[in-house]
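> this one's sequence-less:
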């Protein structure tokens, strides 16, 4: 199945205390900034965190509109903490791609209907909208999963080390 709306969820069980989790996040997360010099930060994430969760994103030195937003919910368990992590697209990017891909799908249906009503071969007329559809899905999924595959091991490592 093709996952057009890129999203990944996973859980991390840790024996870290609340103080250790706070220290671990404080070591790698800085407050969000609108403008950033490429070499100005020694931390790898920007965002916010509290005792019961966090919302962060990786600091990168290049542009990627499909960079995952990482949200975590921290809940206590008998043996420590359970951290439920969700990596998703930025809402604006998700809405923009949904609107764009919906327009492309309408174009595909329109070309197909016109081809069938005029009794012509639909293949030449469908190449552009089908190409745009494949490109849009590949761009969204590729940009998101490229970053998500890099980010997930970092997040797991942060919460699995003992201070």
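Now that the structure is in, tell me what you want to look at. Predicted, not measured: the structure shown is a model, and the values here were computed from it.

> Quick check: buried residues in the helix or strand hosting residue 21?
In this structure, residue 21 sits in helix 18-28 according to DSSP states H and E. Applying a neighbour-count criterion of 16 or more other C-beta atoms under 10 Å, the buried positions in helix 18-28 are 20-21, 24-25, 28. C-beta here means a position set from N, CA and C on the backbone, and glycine is covered the same way.

> Could you list the domains of the protein?
What automatic domain parsing lists as the domains of the chain is 7-90+146-160, 92-136.

> what about the chain, any weak spots by pLDDT?
Low-confidence segments of the chain, defined by pLDDT under 70, are located at 1-5, 36-41, 119-125, 161-163.

> switch the cut-off to 80
The model of the chain has pLDDT under 80 over residues 1-6, 34-42, 111, 114-126, 161-163.

> need the strands for it, in chain order.
Per DSSP state E, the chain carries strands over the ranges 7-14, 29-30, 45-50, 53-58, 69-77, 80-88.

> from memory residue 83 sits against residue 159, does it?
Yes. Because the distance of 5.7 Å satisfies C-beta atoms under 8 Å, residue 83 is recorded as touching residue 159.

> So for these two, which residues contact both of them?
Here residue 83 and residue 159 have 12, 14, 21 as joint contacts, going by C-beta atoms under 8 Å, 6 or more residues apart in numbering.

> Just put the residues you listed in TSV and tack on distance to residue 129.
Formatted as TSV, those follow (distance: C-beta to C-beta, whole Å):
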residue	distance to residue 129
12	42
14	47
21	48
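
> Just the closest of those to residue 65, please.
Minimum separation from residue 65 among the shared contacts of residue 83 and residue 159 (C-beta to C-beta) is found for residue 12, which lies at 26.8 Å.
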